[in-house]
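**Q** I would like to see how this sequence folds:
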Amino acid sequence: MRMAEQEDACKSGANTSRASSLLRCLKSLVEAVTGPWTWRNLGGWLGIIAAILFIKGCVVDQYTIPSGSMEPTLTGDPRFFRGDRVLVNKWLFGPRIPFTTARLWKWGGPRRWDIVVFRAVDPNAEHPILIKRVVGLPGEQVRINEGKIVINGEVVAPPEPLEDVLAYTDEVTLDALEQKKQLLFLAKKNQPLPSLNPQHPQVKTLYAEMQRLHDAVRDVTLDELNDEDVEALCNDVNPVALQLLDGFFSLVRPQMRYGVSDAPEFSVIPEDHYFLLGDNSAHSLDGRMYGWVPHNHLYGRAFAVWWPWSRRQDFTGFSQTWWGRTLLYGLPLSFVGLEFFLALRRKSRV
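**A** Sure, this is the predicted structure:
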């Protein structure tokens, strides 16, 4: 009995020893990154985290373009590192409390034609963070007429570089590719659509196509498909299904009233609010549907595209100013120089 107890004790001790050794090894690996576990070091890391949160929340941050509503100015693609990444000046409109719409101070507002990042006014929006162009300012009367923006009864032309880009419409349509994308999303769910009569011949055709495509897209992340993939999957889809789908979405999409109706509540922008539209007007869910955006929802002004490198852009001309060049070149060189100086200092102490 005693020998068995001694063997169990030995095994338990060996297991405890291995566990302790593993914990020491893990701690060593973590300390190689974080440094020693001291109160002073903890304070340093808390300071770094606070600085990062302050910079991202109040000074500058980067955002990904999730959709094609701002094309051709900005390319949207939810796939990893495919869509444009924009840099946003959050200090311009006043610092906010991070992760909220509460602004500590209001220092100014955007100008017409600025591109801004903001929190959606609809709490149930598919994309909670959006990017659009400022078209109407507080107190103005705005109207979209034959592709042009009419402010207080007068046509306001966009800046010359944007004249061939911006043409606003009072209706949203689905092009052929977008119809096929929507069909794939419906096929993935493969559920009946509300307000459609399942006994109607065209509806039966649509449901048959959804059923046929369901197995092909059931386990596919549809947002990662490119245009060629969509075309290949929908190569032999019955045109009747796509036609019916376009009619269905025209019934269920949000009503377009703001900037379209002459009624004061839909044409006069309240104080401290803005009218924001997508550059890809015919395929953009924007202020025409969800209305005016309050100032405290504005995160900041987009001033550059930093990725992909082949599409890099400077929207505000900051890269031609002394402070812009300082941010782009001076700060990185300063960090490199500081690291070089510290390395020499450490070497001289050895």
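
**Q** can I see the domain layout of this structure?
**A** 60-171+255-316, 176-252 (automatic domain parsing).

**Q** which outside residues touch the longest strand belonging to the chain?
**A** Among the segments of the chain that qualify as a strand by DSSP state E, the longest is strand 298-307. Residues outside strand 298-307 that contact it (Cβ atoms under 8 Å, 6 or more residues apart in numbering) are 60-63, 74, 81, 84-93, 96, 109-110, 114-119, 129, 131, 274, 311-316, 318-319. (C-beta placed from N, C-alpha, C; glycine too.)

**Q** Name the strands paired with the next helix or strand after it and say parallel or antiparallel.
**A** Using DSSP states H and E, the helix or strand that follows strand 298-307 towards the C-terminus is strand 313-314. Here strand 313-314 is paired, per DSSP bridges, with strand 298-307 (antiparallel).

**Q** Tell me the gap between the partner strand and the middle of its chain.
**A** 11 Å (Cα atoms, centre = their mean, to the nearest Å).

**Q** Can you list the buried residues in it?
**A** 298, 299, 300, 301, 302, 303, 304, 305, 307 (16 or more other Cβ atoms under 10 Å).

**Q** will you turn those into TSV that also has distance to residue 151 and pLDDT?
**A** Below are these laid out as TSV (distance: Cβ to Cβ, whole Å; pLDDT from 0 to 100):
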residue	distance to residue 151	pLDDT
298	20	96
299	25	94
300	24	94
301	20	95
302	22	95
303	24	92
304	28	91
305	28	91
307	34	86
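
**Q** what's the closest of those residues to residue 178?
**A** residue 305 (23.7 Å; Cβ to Cβ).

**Q** What distance do you get for that closest one to residue 118?
**A** 18 Å (Cβ to Cβ, to the nearest Å).

**Q** just the domains of the chain: most buried one?
**A** The highest average neighbour count among the domains of the chain, using mean count of other Cβ atoms under 10 Å, belongs to domain 60-171+255-316 at a mean of 17.

**Q** Show the end-to-end separation of that domain, please.
**A** By Cα to Cα, to the nearest Å, the extent of domain 60-171+255-316 from end to end equals 15 Å.

**Q** Could you tell me how far that domain lies from the centre of the chain?
**A** With Cα atoms, centre = their mean as the basis, domain 60-171+255-316 stands 12 Å off its chain's centre.

**Q** Cross the contacts of strand 298-307 against strands and list the overlap.
**A** Checking the contacts of strand 298-307 against DSSP E, those in strands are 60-63, 85-89, 115-119, 129, 131, 274, 313-314.

**Q** for the stretch 51-200 of the chain, what spans make up the strands?
**A** 60-64, 85-89, 115-119, 129-136, 142-145, 148-151, 154-156 (DSSP state E, counting those that start in this stretch).

**Q** Residue 25: which of these is closest?
**A** strand 60-64 (36.3 Å).

**Q** helices and strands around the closest one, which ones?
**A** strand 85-89, strand 298-307 (3 or more Cβ pairs under 8 Å, 6 or more residues apart in numbering; DSSP states H and E).
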